[in-house]
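Colleague: A structural model of the following input is requested.
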Amino acid sequence: HILVFFLCFILTHANAQVPEGYRLTDPLSASAQKLSRAKNVHSGIYPFAPFIDTLEIQSTRDSIFNKRQGIQFRFEPLADMNGGISMYPTVGNATFGSAGLGITSTFGDRFFIRGDYQAGWQYFPDYLQQFTHERHVLAGQGEAFGTGTAQFAHVWTATAGLRMGNHFMLEAGRDKHFWGDGYRSLILSHNAAPYNYARLTTRIWKIKYVNLWTMMRDIATGQDRTKYMAHHALSWNVTSRFNLSLFETVVWQEKDSLSQRGFEPSYLNPLIFYRPVEFAQGSGDNVLLGLSAKVELDHDVTLYSQLYLDEFLIDELRRRRGWWANKFAIQVGAKAYDVAGKHINLLTEVNVVRPFTYTHGSVVQSYGHLNQSLAHPLGTNFFEWVSKFEKVHQRMTYRADLVLAYYGKDKDGLNYGADVFTSYRNPSSLFGNTIGQGRKNNLYLLRLGADRTLGTKYPVTIGAELGLRYLHNQLDNPLDGWMMINLRTPLVRPYRDF
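Modeller: Model (predicted):
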């Protein structure tokens, strides 16, 4: 009944316009392709800032943020509804997804408010059920509740923003953020549930500078504890085809056994480097540094990369002894649109993360939120290759996604640096640490799908998907298979391909 209601509702409102430009939903979408062809845009930091990221928003789908006069009001149905059968390891019903409503309102070209609510659910496949059982969350949505195999979550976001002059945008609310140009991000992605934040965006010349302050929750220790993060992002369009970006993050816990620290005012300074402040305070905060680059070979081919540094010693890197605290992550990828003029879009990407990366001596100060990494769904200690293929023909889109991964998990009560939410104290070995150490796992995941766009201005899609996931390790070789039909609107969908 819910599916029928939403189908009728969405078709009735198919001429509404979704603000996809505010929140890029797919690195291979038509909006992403238009964005790659625009000049002096900063595609690697979003949600985009309304009213000052005008080039980014205008380059994507027409949205409410392009209306600059009077009061604008728009609501939109939200759906990521998937239902079908689970073929392996047992045959039975399977469903997962979310459905809800979103509201956006602008007041001239200075102020906006937006919010949405979605009810999330999950009933098989087995690997998602196991993840929820271990982490007590629905992937990318929030804390799980329910009985038996049926699990649910409340997912909501809300944001208010004010433009200050021609170069500054201040926002506050609850949402997700994504920093990168690929399918995954090793710096900040939409892998975890939404969180509270405040953001100051500055646009001057060819530079975009973002200050992001967030409040996260840690439930890994069995207690619900608060932690804070402060992030810097500096994006510089060196030329019309080359972008270089720098990132910095500091994580600290609200309180420990000695004091009630709360939010650290020193990190409110938008121009400081966090490491000197940490040393001056004598604190043990978790500081991470990042670098990314993007090169457009032509208007439809883009190369991109990321480097994220947690801790390292150059001497130890030169010695190549596998020191446990050489913690870093590397991404290299490429994407191409309209290959050979055949409406074929491609993406291929490699992600490599060393053991113990994103971890900290204090579990609360790990780089995560609600038992999920803020970067990659596999967390740490892995090698991954992901490739995506899309063929667009009129209103039909044919998709093929392939994920191959090699990763390690902790075993025998020893710490192999395989869990973001395990303290890095007492590593299994000081030296000789390699990617995939511990209990070795080989992951193979394939998804084949076809979608048809129903609306013209509001691209609602109905489609079908066949999925296979095989995991080979030293204990078990589980196989998951599913066949689904789906109804979807443009929104950021949680990662389920891990």
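Colleague: my guess is residue 255 meets residue 261, correct?
Modeller: Yes - using Cβ atoms under 8 Å, residue 255 is in contact with residue 261, at 5.8 Å. For every residue, glycine as well, the C-beta is placed using N, CA and C.
Colleague: what's the span of stretch 346-366 from first residue to last?
Modeller: In stretch 346-366, first residue to last residue: 34 Å (Cα to Cα, to the nearest Å).
Colleague: for stretch 331-342, same thing?
Modeller: Length of stretch 331-342, first residue to last, Cα to Cα: 28 Å.
Colleague: Centre of the chain to it, how far?
Modeller: 21 Å (Cα atoms, centre = their mean, to the nearest Å).
Colleague: longest strand anywhere in the chain?
Modeller: The residue-count maximum for a strand in the chain (DSSP state E) belongs to strand 71-88.
Colleague: what's the closest residue to residue 253 other than its chain neighbours in contact with, if anything?
Modeller: In space, and not counting its chain neighbours, residue 253 is closest to residue 364: 4.2 Å by Cβ to Cβ, 6 or more residues apart in numbering. Contact analysis of residue 364 by Cβ atoms under 8 Å, 6 or more residues apart in numbering lists 218, 221, 225, 227, 253.
Colleague: Show me how far stretch 320-339 is from its chain's centre.
Modeller: 16 Å.
Colleague: and that stretch, what's its mean pLDDT?
Modeller: Mean pLDDT, stretch 320-339: 95.
Colleague: Report the backbone C-alpha coordinates of stretch 313-321 in PDB.
Modeller: What follows is stretch 313-321, C-alpha atoms only, in PDB (Å, rounded to 0.1, in the frame of the first residue of the first chain):
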ATOM      1  CA  LEU A 313      57.000   9.100  10.300                       C
ATOM      2  CA  ILE A 314      59.100   9.700   7.100                       C
ATOM      3  CA  ASP A 315      62.000   7.700   8.500                       C
ATOM      4  CA  GLU A 316      59.700   4.700   9.000                       C
ATOM      5  CA  LEU A 317      58.300   5.100   5.500                       C
ATOM      6  CA  ARG A 318      61.800   5.000   4.100                       C
ATOM      7  CA  ARG A 319      62.700   1.900   6.100                       C
ATOM      8  CA  ARG A 320      59.600   0.100   4.900                       C
ATOM      9  CA  ARG A 321      59.300  -1.900   8.100                       C
END
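Colleague: what's next to that stretch, contact-wise?
Modeller: 323, 325-326, 431-432.
Colleague: run the last query once more with 6 Å
Modeller: For stretch 313-321, contacts defined as Cβ atoms under 6 Å, 6 or more residues apart in numbering pick out 323, 326, 431.
Colleague: Return the distance of the second one relative to residue 293.
Modeller: Spelled out, it's residue 326. 22 Å (Cβ to Cβ, to the nearest Å).
Colleague: who has more neighbours, those two?
Modeller: residue 326 (22 against 16; other Cβ atoms under 10 Å).
Colleague: per-residue pLDDT, the closest residue to the more buried one other than its chain neighbours?
Modeller: Closest residue to residue 326 apart from its sequence neighbours, by Cβ to Cβ, 6+ apart: residue 312 at 4.7 Å. Turning to residue 312, the model gives it a pLDDT of 83.
Colleague: From residue 357, how far off is residue 312?
Modeller: With distances taken as Cβ to Cβ, residue 312 is found 10 Å from residue 357.
Colleague: Is the residue nearest to residue 326 in contact with residue 323, as I believe?
Modeller: No - with contact defined as Cβ atoms under 6 Å, residue 312 does not count as touching residue 323 (8.5 Å).
Colleague: of those two, who's got more company?
Modeller: Neighbour count, other Cβ under 10 Å: between residue 312 and residue 323, residue 323 has more, with 20 against 16.
Colleague: And that one, its phi and psi?
Modeller: Backbone torsions of residue 323, given as degrees, to the nearest 10, read phi -60, psi 140.
Colleague: in the stretch 1-150 of the chain, which spans are helices?
Modeller: 2-12, 30-37, 54-59, 126-135 (DSSP state H, counting those that start in this stretch).
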